[in-house]
Structure formats: C-alpha cells, structure tokens
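Chemist: predicted model and sequence follow; I will ask about them next.
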Amino acid sequence: MKRLLTLLLLLAGLAGPGVQAQLNQVKIVSLTVKSQLPAKIDDWGNTSGALLMVAQRVPGTQVRELKLVIQIKSNGNTICGNASTNGIPVGDLTTRTFSTAELTGMSGNCRELKDGNYSFCAQFFNIDKVAVSQEVCREFRVESPRAADYSRPTNIFPVDKAILRPGDARVINFKWSPVVPPPPNRDIIYRLRVWQLMQGQNSTQAMRSNPPIVEKEVNAQQQAVVNDLYTGPCKPPYICDFIWTVQATNREGKPYGENNGMSEPTIFKVGNNIDIQIDSLLVGCCEKGKQNIFIRVKNNLLNNVSITAIKYEINGAGPSITLTPLTPALPVTISGNGTQDFTSSINCIDNLSSLKFLVDAEDVADPDNKETEVGTYTLKCRCSACDSVKIQVPDQADIIADANGNLILNTNIAISPKPVKSIRGELVYFEYKPDSDDCMLCNKDSKTFGNFISAQFNNQPAGLPWPHTTEWNSANTNGQVITGMPLQFTISMPPTVKCCAAVVKWCIRYVVTFSDCTVCNKLVCYTHTKKCDCK
C-alpha cells in the first residue's frame, strides 16, 4: 500500500508542472465588469464600460486553435454560457482587447438574468479542450429598474417627421424633456444616439443593423449640439433620413424609466422643401437628322419652384450637355402641384442607346434651396449605324488543298466608306460530310479540325488569338478605306483514308471596327467538294 501511495505521489509531482505550464500559456491580463448590469444581456452593449478584457499569449508558447469560454455563474453554479467543448475560436492570439460586444456575443445561450449577484468568468482552452489559462471571474449584480419610479425622457427637437434644410442641419441642437422626478444628487447621464437610414430600410431595421453615426453623453442636461451631421448630398446606399433617441441612466448604467430609459425614436429628414419629378419622358428615333425630346416635370409640393436648367448625358456617361433650344425657354416657374411640358430636339447620335436627363430646380422663395431630378430614357430604335457601310467579300473563292489535306481559302475584301481600325475573322460554322463514315480515322475529336491554322491579310501574317478567330489591327490596315485587299485562310481538315470524297461547308463572319468605333459585320459561307484521291 505504501508503494502504491508513493507511486501516485510521484506521478502527481511529475504531472503538476506540465499542467501548470499549460495553464500559463495564455494570461488574462485584466477583466473589468461593471458592478451593476441590466438584466438583458443584449442591453449590456448600451451600457458604458460594461465589459472589457485584455488577454495575452505568453511569449515563446504555441497554442493550437485557441478558444475562449465565457460563463455566467451564481453561487458557484454555471447559469449560462459555453463550455470547453464549444468554445469560441479567437485565432492566433498575441495581445488582444475584447469589447463588450465581443464578450456578450461569445456568451452563448445567455439572454436574461434575474435580479441577484453573479460572476462573469473567462478562460481559454486549446484544441484538445485543455485549459491554457487560469479562469478569471468578476462579481456583478443585476437589479432591474423600477419603471414606475421615473418617467423616461421625451424627444423635443427635431420633432417627428421634421424636414431640415441642409444649411440648418450642419449644426443641430437636439433637445429632450428631463426625467421626472429628478434623480437624487443629479445622478443622471443622457446618452444621445443618431442613426442614418439606408435604402430599403425602415427605422427599426436601421437601429438594429446600422452603427450609430452619433453617440454623445451629457451630464444632467436636456440638450446636445451635434456639428456636421449633414455635410453634403447623401450618397447611396445611404439616404437623408435619420432617427434619434436619448437614454437616461445613472452613472452606474441603471436606466431611469420604462423601455430601459430610452425615449421613443423620432425620425427626421435633411432635404430641400422641393420635390419635383420627371413625370413623362420620350426620345424619338432619328428622323431627317434630328431626334425629338419631350419632358414633363411635376411639382409635388405646394410651394412654387423654378426650373433653371435641363441637361442630358449620352448613354448615361460623359459630360452633361445643356438641352437647347428648349420650349418654353428657361427659367420656368411651376406652381404648387402643377406640371410643365418641355420640348426640344438634338442632332442624331450614332450608337445612342439611352439619354439621362438632369432637371435642376430651386425654391422661388429660397433660391439656396435646390434639387436635381434625374430620369433616363432607353431608346427602342433600330440600329442604323451600318446602313451606309459596305463590306464586300465574294462567296465564290479560290479553294485548294495543301500537302496535308488542309484547305486554303483565297479571297479578298473591300470596305467603305469609312477608315478601318481593325478586322476580325470568326470561323462560326464548320461541317465535314464524307461519302462514308468508314472514311474517318479513329480521331473524330472535332476540336482537332475545323480551326484556323494560319491567316494572312494583304499577304501579311495575322494573329490567331483563338482557334476559330483571326484578327488584324490598324497597323495592318493603316486606318484606310479598304478598296480591295487579299485574304488567305488555312483551315484544318480531319484525317481520312484515301479514296474518300467529302463535302465541306464553313462560314466566316467578318467583323469590322471603324475608326469612329462603329462595329459592323458580314457573314459569308463557303462550300467545297473534296474529290476522291486514289493515287
């Protein structure tokens, strides 16, 4: 029995330093927990200084797949949290500070606590679920506020659904009513938060998903000045709609009043007291060198607005061009809830697919109050850019076979009336039909035949970027009108046995890019009868 006891003590002595070494691989340098916290864990994120932890991996140690276990305990019993089996991975830790949001996010199934005393505990484990740090705990208390004791604050300015002009929104003095009755010793903190809405969001979604763009605390005051909330036009995905609340707490984070001490949210908008829209828009197709334009602008508010400029952009890009002549001439005043029709015409534009219109307006009573309405019209006209172009390639050509049985096509091309930037030949169709299937050898892989082997333009070799494509650029054409230049293509044929005839059909699309970037094409198909060669 003594031998067994001695052996156990010896093993414990050997194991002890190793376990201790593992526990010291990561050090929790500090863990700060506020002495009093709300019952709902999600509300800890709204409590200043609720949680903060700093952890450090001891230099010279290696820990595989470090995981953090967070638990909330009461009287030594675990109330909620995770365990070593489902710890939260924290990556390759050197020195790291964990915020309230991170620590509560790692607390697993913790949702809400009853009033009482608790411990917030943290410990690190490795991939083998072995502790690599000491467990560190801090005490705190949950004490639900008595809502009936205090009335929460009420938002006063900006009022709900207010529209602030851009100049007034650069400095906003937010105001709210005080908590009643006044807390003893003026122990009250008001926390102002402002969120900006994004496209497609309502106020609830913005408060839940977006970070506040303003967070400001004031001590026992019912107002807070915010500078530069609005600095210019709102750019997508953000819109110029905002929502704000104020929360009242004591210095320990205990809220005053119902709804965790938060006021009812209030929405306001930064914008002009102008609301125009392009009610109707029509752009005609090219006729006799002109395209007619019709625009109807509607004023959606009661105040009079002045239309000061109408511009357009070709295909939605490039510089804005003033639309002129315009009937009636600008500026034009549109009365409240009224409409105004404008007509104009522009010279026909080649390759025009759409026109984007920009209508500038200003408040007659306040010229600094401006708005630009944008509308786009997509044309549904037949493309006529190639109507005057002639691409001439004869469908009858000189076709011969080379020593390997591949076909050589000799032809010519003429292009007018514009200078050519580049020409591309595309082998878009190929068919090889022998007299008998017995003529074909074992290689029937279509990828190995029906391709361009070589090509020449004006007796100069051309590039072959793809097996079915050959291309010449302006260096070959010299940017000239092509009145007639020779072309030569060598097209690969499938291997066959001797004494086999066949009919070969293929089509080449000639794609021409002109110096003005117009692109036109012509498709030419060829047929060649390959005669039996029994020599």
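Modeler: On my side now, so go ahead.

Chemist: wait, doesn't Thr231 sit right on Val171?
Modeler: No: applying Cβ atoms under 8 Å, one finds Thr231 not in contact with Val171, separated by 11.5 Å. Any C-beta I mention is one placed from the backbone N, CA and C, and that applies to glycine too.

Chemist: for Val497, phi and psi?
Modeler: Note on Val497: its backbone torsions stand at phi -80, psi 160 [degrees, to the nearest 10].

Chemist: and it, how many residues sit next to it?
Modeler: 11 (other Cβ atoms under 10 Å).

Chemist: residue contacts, it?
Modeler: 438-439, 441 (Cβ atoms under 8 Å, 6 or more residues apart in numbering).

Chemist: and the buried ones among those, selectable in PyMOL?
Modeler: Buried residues within those, by 16 or more other Cβ atoms under 10 Å, are selected in PyMOL with:
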select buried, resi 439
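
Chemist: and the contacts of Val497, which is the shakiest by pLDDT?
Modeler: Of all those, Leu441 has the smallest pLDDT value, namely 73.

Chemist: nearest spatial neighbour of that residue, skipping sequence neighbours?
Modeler: Counting by Cβ to Cβ, 6 or more residues apart in numbering, Leu441 lies nearest to Pro495, which is 4.7 Å off, once chain neighbours are set aside.

Chemist: wait, the one you found sits on Cys439?
Modeler: No: between Pro495 and Cys439 there is no contact, the gap being 9.9 Å when judged by Cβ under 8 Å.

Chemist: tell me the pLDDT of Ser263.
Modeler: 95.

Chemist: whoops, I mixed them up, Val58
Modeler: 90.

Chemist: contacts only, for the residue minimising distance to the centre of the chain.
Modeler: The C-alpha lying nearest the average C-alpha coordinate of the chain belongs to Pro237 (Cα atoms, centre = their mean; 9.2 Å). Shown in contact with Pro237 (Cβ under 8 Å, 6+ apart): 198-199.

Chemist: circling back to that earlier point, what's the closest of the contacts of Val497 to Thr94?
Modeler: Leu441 (66.8 Å; Cβ to Cβ).

Chemist: for Pro183, give its distance to Gln247.
Modeler: 14 Å (Cβ to Cβ, to the nearest Å).

Chemist: ditto for Leu52
Modeler: 20 Å.

Chemist: cool, Thr95 as well?
Modeler: 33 Å.

Chemist: and what of Val519?
Modeler: From Val519 to Gln247 the distance is 63 Å (Cβ to Cβ).

Chemist: higher neighbour count, these two?
Modeler: Between Val519 and Gln247, counted using other Cβ under 10 Å, Gln247 has the larger neighbour count: 24 against 15.

Chemist: the more buried one is in what secondary structure piece?
Modeler: Assignment of secondary structure by DSSP states H and E places Gln247 within strand 238-249.

Chemist: for that strand, what does the pLDDT average out to?
Modeler: What strand 238-249 shows for mean pLDDT is 93.

Chemist: how about it: buried residues?
Modeler: Buried, per 16+ other Cβ under 10 Å, within strand 238-249: 239-249.

Chemist: make CSV from these and add distance to Gln56 to it.
Modeler: Below are the buried residues of strand 238-249 laid out as CSV (distance: Cβ to Cβ, whole Å):
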residue, distance to Gln56
Ile239, 44
Cys240, 45
Asp241, 44
Phe242, 41
Ile243, 40
Trp244, 39
Thr245, 38
Val246, 38
Gln247, 34
Ala248, 38
Thr249, 32
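
Chemist: nearest to Ala162, of the residues you listed?
Modeler: Phe242 (9.8 Å).

Chemist: my read is that that closest one contacts Gly271, right?
Modeler: No: using Cβ under 8 Å, Phe242 is not in contact with Gly271, being 10.8 Å away.

Chemist: and the helices in the stretch 351-500 of the chain?
Modeler: 474-477 (DSSP state H, counting those that start in this stretch).

Chemist: poorly predicted segments of it, please.
Modeler: 442-444, 446, 474-478 (pLDDT under 70).

Chemist: please tell me how far the spatially closest residue to Arg165 that is not a sequence neighbour sits from Gly87.
Modeler: Spatially, and ignoring its direct neighbours in sequence, Arg165 is nearest to Asn369 (6.4 Å; Cβ to Cβ, 6+ apart). According to Cβ to Cβ, Asn369 stands 58 Å off from Gly87.

Chemist: what about those two, which has more around it?
Modeler: Neighbour count, other Cβ under 10 Å: between Asn369 and Gly87, Gly87 has more, with 22 against 19.

Chemist: quick one: pLDDT of the closest residue to the more buried one other than its chain neighbours?
Modeler: With Cβ to Cβ, 6+ apart as the criterion, Gly87 has its nearest non-adjacent residue at 3.0 Å, and that residue is Lys67. On pLDDT, Lys67 comes in at 92.

Chemist: can you tell me the strand partners of the longest strand along the chain and which way each runs?
Modeler: In the chain, taking DSSP state E as the definition, the longest strand is strand 420-434. Applying DSSP bridges to the sheet, strand 420-434 is found paired with strand 469-472 (antiparallel), strand 502-514 (antiparallel).

Chemist: list the buried residues in it.
Modeler: Buried-residue list, strand 420-434, by 16+ other Cβ under 10 Å: 420-427, 430, 432, 434.

Chemist: how far off centre is it?
Modeler: 40 Å (Cα atoms, centre = their mean, to the nearest Å).

Chemist: again, but for stretch 165-183
Modeler: For stretch 165-183, the distance to the chain centre is 35 Å (Cα atoms, centre = their mean).

Chemist: residues making contact with that stretch?
Modeler: Stretch 165-183 has contacts (Cβ under 8 Å, 6+ apart) with 150-158, 164, 188, 190, 192, 194, 222-231, 244, 246, 248, 250, 256-257, 261, 263, 270-273, 366, 368-369.

Chemist: what about it, how long is it end to end?
Modeler: 37 Å (Cα to Cα, to the nearest Å).

Chemist: check which residues of that stretch are buried.
Modeler: Buried-residue list, stretch 165-183, by 16+ other Cβ under 10 Å: 165-166, 169-170, 172, 174-176, 178-179, 183.
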